[in-house]
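Engineer: Kindly return the folded structure for what I paste below:
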Amino acid sequence: MRAKHAYRDRGEVEVAVLDALVERGEEGMTVLEIRTAVDADIEAIETALAALKRDGLIDVSADGSSTVIKPDDRVVPTPDDQPPDQSFLDWLRERLPF
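Structural biologist: A predicted model of the protein is given here:
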């Protein structure tokens, strides 16, 4: 599952982090789990996490000895948020930087 379309106009690493967090849902992830799921160096991930936290798109909580990061509820799509079937051209436009 991917983050809502409204939150996909961010940097590549931020979107990858949001997608990974949405995929894990209520469980959340630690920074190390995010590092495993996102193909970026730790500095880029930390920068993305800071920006997402600043914008209120993630929730961070301490769980004993580890920190758990979860997506904010407004980022997680519901069945009603699923876009209609995309054409190939729309799919291509979304993925290529213009």
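Engineer: and the closest residue to Ser66 other than its chain neighbours, what are its phi and psi?
Structural biologist: Nearest residue to Ser66 in three dimensions, chain neighbours excluded: Thr30, at 5.3 Å (CB to CB, 6 or more residues apart in numbering). All C-beta spots, glycine's among them, are computed from the backbone N, C-alpha and C. Main-chain dihedrals, Thr30, degrees, to the nearest 10: phi -90, psi 170.
Engineer: In which helix or strand does the residue nearest to the spatial centre of the chain reside?
Structural biologist: Centroid-nearest residue in the chain, with CA atoms, centre = their mean: Leu18, separated by 0.4 Å. Secondary structure assigned from DSSP states H and E places Leu18 in helix 12-24.
Engineer: My understanding was that the residue nearest to the centre of the chain contacts Asp9; is that so?
Structural biologist: No: if you go by CB atoms under 8 Å, Leu18 and Asp9 don't touch, sitting 11.3 Å apart.
Engineer: quick one: the residue nearest to Ser66 and Lys70 touch, right?
Structural biologist: No: checked against CB under 8 Å, the pair Thr30 and Lys70 is beyond contact range at 11.0 Å.
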